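**Student:** Here is the input, now give the coordinates:
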Amino acid sequence: MAPGRRAGAGAAVALALSAGLVLAACGSSPARAVHGTTPTTAAPTTTAPTSTLPSAVPTTTPTPVVAVAGWARPATTLPPAGGYTGVSCISGVFCVSAGGGANEADASDSTGPGVVNAWDGAVWGTPTTYFPAPAGAAATAPELPAVACSSGPRCAVVDGSGHTSLGDGTDWSAPAPLAGLPATPSNPADPGPGHTASRAAAVDCPTGQFCAYVDDTGHVAVLHGTSWSTPQAMTTTSGGRTVGLYQAGRPAVSCTGPSACTALVGDTVLDWNGASWTSSAAPWSAATTGDSAVSCPVPGACVAARGAYVSLRLGTGPWSTPHAVDGSGHLDALACPTLTFCIAADAYGNVATLTGSTWSAPTKVVPTPTEYASDGTSLSCPSDQFCMLLTGDGDYATYQGPDPNAAVTTTTTPVSAAS
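**Tutor:** Residues are numbered from 1 along each chain as shown. Next comes the predicted model:
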């Protein structure tokens with residue numbers, strides 16, 4: 001998911017964000033989801049689909065969600081109604097979503113076509129099939145598609161089965177597999193291909209000529225122009241032996257340019273410097289589970305999220321102590337278009353927002369998914385003035401920031417040495 005990025009920021013705002021994450025970690029208790037006024041999602045009005053290209057008739061009816069400053073009421077007009085696992089926006093009038101395929105929530109264990117859909121700021125267009133359904137509806141590919149767009153528009157769709165496609169939101173190249181994914185010694189945590197949601201991938205495209213790919217088994221590749229590099233298999237150590245990476249859930253990647261990307265696969269961080277990938281430890285323990293999320297708003301600064309926690313890294317320094325911002329423990333999407341504005345979303349339709357140096361408590365902005373509850377939440381913020389949140393059920397909401405011309409006073413809080 002392309003989180004959006006904004007070039008240029010002073011050391012003061014970097015310090016403000018650092019203070020927000022580090023000081024909170026030193027003295028605050030974990031934020032909890034607000035209960036009582038949180039609405040529930042109505043039961044599906046149709047039976048579960050037998051393909052991951054559901055009916056164009058919405059299968060969930062969003063119940064009223066308490067109004068949240070900046071967020072529009074959720075809608076469910078996105079056809080097909082569910083199975084979307086990625087969204088990317090380059091502005092408030094252009095977003096692309098991707099879904100379908102071998103969806104983990106598909107009741108029949110079949111595979112529908114991979115689909116993409118473009119949004120023009122008001123309505124979603126007709127879905128486009130970029131990956132035809134396999135003969136016999138066998139559960140093969142695509143698996144949990146992800147999408148990233150840059151100006152042009154130029155978009156890339158990738159999936160956990162190693163297929164890629166390029167397009168402009170409407171017209172797409174035929175899906176092509178990456179060059180043979182190299183084999184690595186099996187990770188004992190990896191149940192192998194073929195199980196439910198066995199493979200997932202992430203992509204980010206900071207420019208129209210460069211994208212970076214990572215999957216949940218640690219394979220990485222980069223796109224220059226229209227050609228993907230030969231995938232490389234990153235490894236870790238388990239039980240004293242070298243094994244491939246693996247995480248049960250979606251990996252993440254964020255780039256600020258062709259020579260700076262950061263990816264997350266479970267408890268491993270992967271960094272691209274324009275020539276090669278290196279690995280290091282993530283800020284949380286191996287016991288922290290769930291999807292990964294990362295957003296790098298400017299070169300040298302990245303925010304990562306997993307489970308209930310967020311963490312910040314500035315330059316080549318260490319990651320800050322993980323700070324709990326969502327008591328549900330199911331954060332699965334993150335977007336930081338600037339150093340002082342981030343949104344973290346969880347699998348239940350809640351968002352926590354960093355403004356300046358303070359994280360808000362989680363607030364529900366879309367109904368909790370019911371049919372595609374395991375497919376995760378997708379989030380894209382091309383700027384601090386616009387964001388889109390999308391669930392697997394097809395429920396979505398947009399965020400409109402405050403007037404950027406309004407006078408704003410920012411107070412920078414020094415990081416305490418005791419932290």
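
**Student:** So Ile343: helix, strand or coil?
**Tutor:** strand (DSSP: H, G, I helix; E, B strand; the rest coil).

**Student:** Could you measure from it over to Asp395?
**Tutor:** Distance of Ile343 to Asp395, given as C-beta to C-beta, to the nearest Å: 16 Å. For every residue, glycine as well, the C-beta is placed using N, CA and C.

**Student:** Which of those two has more residues huddled nearby?
**Tutor:** The residue with more neighbours, out of Ile343 and Asp395, is Asp395; 31 against 26, by other C-beta atoms under 10 Å.

**Student:** which residue sits closest to the more buried one in space, ignoring its chain neighbours?
**Tutor:** Val366 (4.6 Å; C-beta to C-beta, 6 or more residues apart in numbering).

**Student:** Using the three-state scheme, assign the one you found.
**Tutor:** coil.

**Student:** That one: how many residues sit nearby?
**Tutor:** Neighbour count of Val366, defined by other C-beta under 10 Å: 26.

**Student:** Equivalent analysis for the one 3 residues further on, please.
**Tutor:** Look at Pro369: counted by other C-beta under 10 Å, it has 23 neighbours.

**Student:** sorry, back to before: list the contacts of the residue nearest to Asp395.
**Tutor:** Residues counted as contacts of Val366 (C-beta atoms under 8 Å, 6 or more residues apart in numbering) are 62, 65, 74, 349, 389, 391, 395-397.

**Student:** Looking at those, state which has the most neighbours.
**Tutor:** With neighbours defined as other C-beta under 10 Å, the most crowded of the contacts of Val366 is Thr391; it has 34 neighbours.

**Student:** Surely it touches Pro369?
**Tutor:** Yes. Applying C-beta atoms under 8 Å as the test, Thr391 and Pro369 come out as touching, 4.5 Å apart.

**Student:** Give me the common contacts of these two.
**Tutor:** Residues touching both Thr391 and Pro369 (C-beta under 8 Å, 6+ apart): 349, 375, 377.

**Student:** so which one among these has the lowest pLDDT?
**Tutor:** Among those, Asp375 has the lowest pLDDT, at 85.

**Student:** Which residue ranges of the stretch 301-419 of the chain form strands?
**Tutor:** Secondary structure of the stretch 301-419 of the chain (DSSP state E, counting those that start in this stretch): strands at 301-306, 309-314, 323-324, 331-338, 341-346, 350-355, 358-359, 363-364, 377-383, 386-391, 396-400.

**Student:** shaky segments in this protein?
**Tutor:** Scanning the chain for pLDDT under 70 picks out the ranges 1-64, 77-82, 103-110, 136-139, 194-197, 404-419.

**Student:** For Thr368, what are phi and psi?
**Tutor:** Taking degrees, to the nearest 10, you get phi -60, psi 130 for the backbone angles of Thr368.

**Student:** Can you tell me how far it is from Ser328?
**Tutor:** From Thr368 to Ser328 the distance is 10 Å (C-beta to C-beta).

**Student:** do His163 as well
**Tutor:** 32 Å.

**Student:** ok, now Thr126?
**Tutor:** Where Ser328 is concerned, Thr126 sits at a distance of 35 Å (C-beta to C-beta).

**Student:** Give me the more crowded residue out of those two.
**Tutor:** Ser328 (16 against 10).

**Student:** give me the beta-bridge partners of the nearest residue to the more buried one once chain neighbours are set aside?
**Tutor:** In this structure, Ser328 finds its nearest non-sequential neighbour in Asp346, 5.1 Å apart by C-beta to C-beta, 6+ apart. Per DSSP bridges, the residues bridged to Asp346 are Leu331.
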